[in-house]
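Student: Here is a sequence with its predicted model. Questions after.
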Amino acid sequence: MGLEQKLGNMGVVTTSLEQAVGWARSNAIWPMLFGLACCAIEMMSTQASNYDMSRFGMELMRASPRQSDLMIVAGRVSRKMAPVLRNLYDQMPDPKWVIAMGDCASCGGVFNNYAVVQGVDEIVPVDVYVAGCPPRPEALIDGILKLQDKIKKEPLTKWQ
Amino acid sequence: MDQSVTTNLGSTVLAALGDAVNDVRIFRDEVTLITTKERVLEVLQHLRDVQHFEMLTDETCVDYYPREPRFGILYQLYSLSRNIRVRVKVMLGEYERTIPTACGVYTAANWLEREIYDLFGITFDGHPDLRRIMMPPGWEGHPLLKENPVKVEEVAFSFNRNRIDAEKPYARE
Ligand code: SF4
């Protein structure tokens, strides 16, 4: 009673290693808890049962950068927080990605002033920008799906 | 609040402190005592001990540029036992950006004065620990002074976004 008998003849599936790794990586992203302002509330509801981000293999929000692959910067980053954010990013193991969630994280939003960093892309490289103030959970999920597509296409040589 | 309470407060303080208080302004039942930086500690001490204003709710600063005197230091006091409020105001000129600390009278003034120092550059004589509190330690300047621009970044539209994008610092991996 092997697996073959239950499922019939599956044959052989061939793929490139790159695709297999990309597929695995994209479906088990562990985001880091990084709520900084009002956008964090939407990130929480994206996690909660109404929208349920675990459908995409992301149920584990890690409180530690050492265990996470994705940093969702949810909210405005003050100048004082900027070194902390970079430090946490540097502590994340490769491969790692960043989503700038909301207008504030993407470009400073309405806070065009001395205290707020005008977009986290000044500090960390951003993969996906999600627009909105705050973005709806659907928008964040869309951003994450975009990121998954991007990860699937990434060459293995990118992270060495 | 009962109007007589505020009027009484103004006249009793004026009577007790004499020339330490330059002026008493009452606007919509809010009492403001105008004083000088030499006499402000005396006024605060009196308000705390005699008039029972036990609590310093806030201490803040206003930059009235280009008016002279340029800065207004405000002390908001609250009396828990009498449920009334009073405001003490000191004006400082452009070139005298220093005032005695109120930490000896109200301990709560410590961090509030650090905030004023950080954002306006007013120094407090005798303050135990005058460091920045809001901005990062290496920050240059005092961001709430009127000479600072309101916006730090030019707003991008379709006609100028390529230029702004080229000038913007981007992080590397
Ligand atoms: S984009 Fe809007 S909701 Fe998000 S942090 Fe900024 S102000 Fe708050």
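Tutor: Structure's in. What do you need?
Student: Every contact and neighbour count from this point should use C-alpha atoms.
Tutor: Will do.
Student: Now that we're looking at the residue lying closest to residue A:65 once chain neighbours are set aside, what pLDDT does it have?
Tutor: When the adjacent residues along the chain are set aside, residue A:65 lies closest to residue A:92, with 4.9 Å between them (Cα to Cα, 6 or more residues apart in numbering or on different chains). Listed pLDDT for residue A:92 reads 90.
Student: is it true that residue A:92 touches residue A:85?
Tutor: No - shown here, residue A:92 and residue A:85 do not form a contact pair, counting by Cα atoms under 8 Å, at 11.0 Å.
Student: Can you check which residues contact both of those two?
Tutor: Counting by Cα atoms under 8 Å, 6 or more residues apart in numbering or on different chains, residue A:92 and residue A:85 have no shared contacts at all.
Student: Could you give the number of residues near the residue nearest to residue A:65?
Tutor: Residue crowding around residue A:92 was assessed by other Cα atoms under 10 Å in any protein chain shown; the count is 19.
Student: Tell me which residues touch the spatially most central residue of chain B, please.
Tutor: By Cα atoms, centre = their mean, the mean C-alpha position of chain B lies nearest to residue B:60, the distance being 2.0 Å. With contacts taken as Cα under 8 Å, 6+ apart, residue B:60 has the following neighbours: B:73, B:74, B:75, B:112, B:113, B:116.
Student: Could you tell me which residues of chain A lie near the ligand?
Tutor: Contact residues of chain A with respect to the ligand, defined by Cα under 6 Å from any ligand atom, are listed as A:37, A:38, A:39, A:75, A:76, A:102, A:103, A:104, A:133, A:134.
Student: Please name the nearest non-neighbouring residue to the first one.
Tutor: Once flanking residues are discounted, residue A:37 sits nearest to residue A:75: 4.5 Å by Cα to Cα, 6+ apart.
Student: just to revisit the earlier point, secondary structure element for the residue nearest to the centre of chain B?
Tutor: strand B:55-63 (DSSP states H and E).
Student: Residue B:110 too?
Tutor: Under the assignment given by DSSP H and E, the secondary-structure element containing residue B:110 is helix B:109-120.
Student: what's that helix packed up against?
Tutor: With contacts defined as 3 or more Cα pairs under 8 Å, 6 or more residues apart in numbering or on different chains; DSSP states H and E, the packing partners of helix B:109-120 are strand B:55-63, strand B:123-125.
Student: How many residues are close by residue A:148?
Tutor: Other residues within reach of residue A:148 by the criterion other Cα under 10 Å amount to 20.
Student: Could you measure from it over to residue A:100?
Tutor: In this view, residue A:148 and residue A:100 are 15 Å apart by Cα to Cα, to the nearest Å.
Student: which residues of chain A fall in helices?
Tutor: When secondary structure is read from DSSP state H, chain A shows helices at A:3-7, A:17-26, A:39-47, A:82-91, A:102-107, A:137-153.
Student: Just name the most buried of the ones you listed.
Tutor: Counting by mean count of other Cα atoms under 10 Å in any protein chain shown, helix A:102-107 has the highest mean neighbour count of those, with a mean of 27.
Student: Give me the helices and strands touching that one, please.
Tutor: Contact here means 3+ Cα pairs under 8 Å, 6+ apart; on that basis helix A:102-107 packs against strand A:70-74, strand A:128-130.
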